[in-house]
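1. What follows is a predicted structure for the sequence shown.
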Amino acid sequence: MKFLRNPEIKKCLFLQLLVCFIFAGIGFYFDTICGVIILFASLIFILIFIIFTRKRYRKVESLSQQLDAMLHSNSSGDFSDYMEGELAILQNELAKLTRRLAEQNQALENDKKYLADAMADISHQLRSPLTSIRLLLTLLKEPALSDEKRRESLRELSMLIDRMDWLIETLLKLSSMDAGTITFHQTETSAKELLSTAAAPLLIPLELRDIQYHETIEPKDFSFSTDLRWTAEALGNILKNCMEHTPSGGRIDVMVTDNPIYVSIVIEDNGSGFLPEDIPHLFERFYKGKNATGQSIGIGLSLSRMIVSKENGTLKAENRKEGGARFILKFYKK
């Protein structure tokens with residue numbers, strides 16, 4: 001019997017036998033029949049103890065085998081038949097543990113798949129401009145290339161390098177967000193300063209595209225707690241998306257309002273808007289809608305949502321009834 005190898009059970013049996021013989025001896029001292037009854041009853045109790053201990057030991061051994069199988073295979077284990085005392089408590093805790101392990105394992109599998117897909121997307125996004133750069137460099141080596149064509153190729157080469165620089169920088173920011181290595185520094189920031197910081201890099205492109213840009217702040221020039229740099233990054237990506245989907249002569253409006261619960265920032269354009277099937281996926285990484293421009297990569301809006309969520313906010317997108325897109329940001333006050 002394997003359970004007899006257990007030193008605790010050996011000690012318990014030894015003590016029971018010792019007590020049995022002591023009381024049986026006392027019984028025999030007074031009366032032979034009394035001693036026989038005490039000895040017989042004690043041995044029966046010891047036998048019952050052995051039977052139940054063996055049964056429990058087998059259950060514990062079965063439990064151990066199930067745990068071993070779970071650790072070395074994909075089986076989930078079944079603890080439904082452990083319905084007594086300490087084993088029931090142990091079963092409940094093991095059920096929680098196995099469920100947690102299964103969830104973590106599934107999360108790891110999802111992370112591996114996500115990482116593989118992300119690496120494939122990143123590779124594709126970098127390969128396209130690199131291929132174009134190689135072709136342009138080959139073209140620039142041609143001695144018979146005209147000066148006008150050479151200048152045009154250099155401009156295109158500069159645009160491709162800028163695009164790659166933005167892509168790599170944004171991917172690094174996303175990776176830092178995923179790793180949790182970025183710290184947000186909340187400070188009292190003027191709403192006007194926030195909008196100015198976000199729109200500054202786009203003012204010249206907006207003018208070149210003949211797109212009007214308007215800001216409305218109510219109450220005028222109020223302040224709220226936010227990280228100026230990262231919030232401006234999120235707004236800038238949204239404004240850039242609006243600019244890319246607004247035709248020449250169009251308009252982009254930004255409205256900032258304050259109330260006791262949250263600060264609201266609404267960004268609207270009168271461009272093409274979103275297709276209904278694209279709206280649920282707009283903030284997914286590397287997702288490009290059917291109306292996306294050729295320069296679209298699909299990570300700007302994803303980064304914006306990550307930033308907003310880190311700052312206790314929400315970001316959603318919808319179509320305007322009048323036509324065009326609307327982004328609604330809400331930063332909730334603590």
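-> Sure, I can see it. Numbering: from 1, shown residues only.
2. Next, the buried residues of the helix or strand hosting D165.
-> In this structure, D165 is located in helix 147-179 according to DSSP states H and E. Residues 153, 157, 160, 163-164, 167, 170-171, 173-174, 177 are the ones in helix 147-179 that count as buried (16 or more other CB atoms under 10 Å). The C-beta positions use only the backbone N, C-alpha and C, and glycine is treated the same way.
3. do the same with stretch 211-225
-> Buried residues in stretch 211-225, defined by neighbour count with 16+ other CB under 10 Å: 211, 213, 217, 224.
4. name the element E268 belongs to?
-> In this assignment (DSSP H and E), E268 forms part of strand 262-269.
5. Could you list every helix and strand that whichever helix or strand comes after that strand packs against?
-> Moving toward the C-terminus from strand 262-269, the first helix or strand encountered (DSSP H and E) is helix 300-310. Helices and strands touching helix 300-310, by 3 or more CB pairs under 8 Å, 6 or more residues apart in numbering; DSSP states H and E, are helix 147-179, helix 228-244, strand 313-319.
6. Turn the buried residues of stretch 211-225 into CSV, including secondary structure, distance to R285 and pLDDT.
-> What follows is these, written out as CSV (DSSP: H, G, I helix; E, B strand; the rest coil; distance: CB to CB, whole Å; pLDDT from 0 to 100):
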residue, secondary structure, distance to R285, pLDDT
I211, coil, 27, 94
Y213, strand, 28, 95
I217, strand, 32, 93
F224, strand, 28, 93
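7. Quick check: the farthest pair among these?
-> Using CB to CB, the buried residues of stretch 211-225 span at most 27.5 Å, a distance reached by I211 and F224.
8. Was I right to think L301 contacts N237?
-> Yes. If you go by CB atoms under 8 Å, L301 and N237 touch, sitting 6.4 Å apart.
9. burial measure for T183, as a count.
-> Neighbours of T183 under the rule other CB atoms under 10 Å: 8.
10. That one in helix, strand or coil?
-> Three-state assignment for T183 (DSSP: H, G, I helix; E, B strand; the rest coil): coil.
11. Next up, phi/psi of it, please.
-> With angles defined as degrees, to the nearest 10, T183 sits at phi -110, psi 130.
12. What pLDDT is listed against it?
-> According to the prediction, T183 has pLDDT 84.
13. do you know how far it is from I204?
-> According to CB to CB, to the nearest Å, T183 and I204 sit 32 Å apart.
14. Repeat that for G180.
-> 35 Å.
15. again with R320
-> Taken as CB to CB, the span from R320 to I204 is 26 Å.
16. do the same with F45
-> With the distance defined as CB to CB, F45 ends up 94 Å from I204.
17. of these two, who's got more company?
-> Taking neighbours as other CB under 10 Å, F45 and I204 compare with F45 leading, 13 against 9.
18. which one is the more buried one nearest to, not counting chain neighbours?
-> Spatial nearest neighbour of F45, excluding adjacent residues (CB to CB, 6 or more residues apart in numbering): Q16 at 7.6 Å.
19. element containing that neighbour, please.
-> In this assignment (DSSP H and E), Q16 forms part of helix 7-30.
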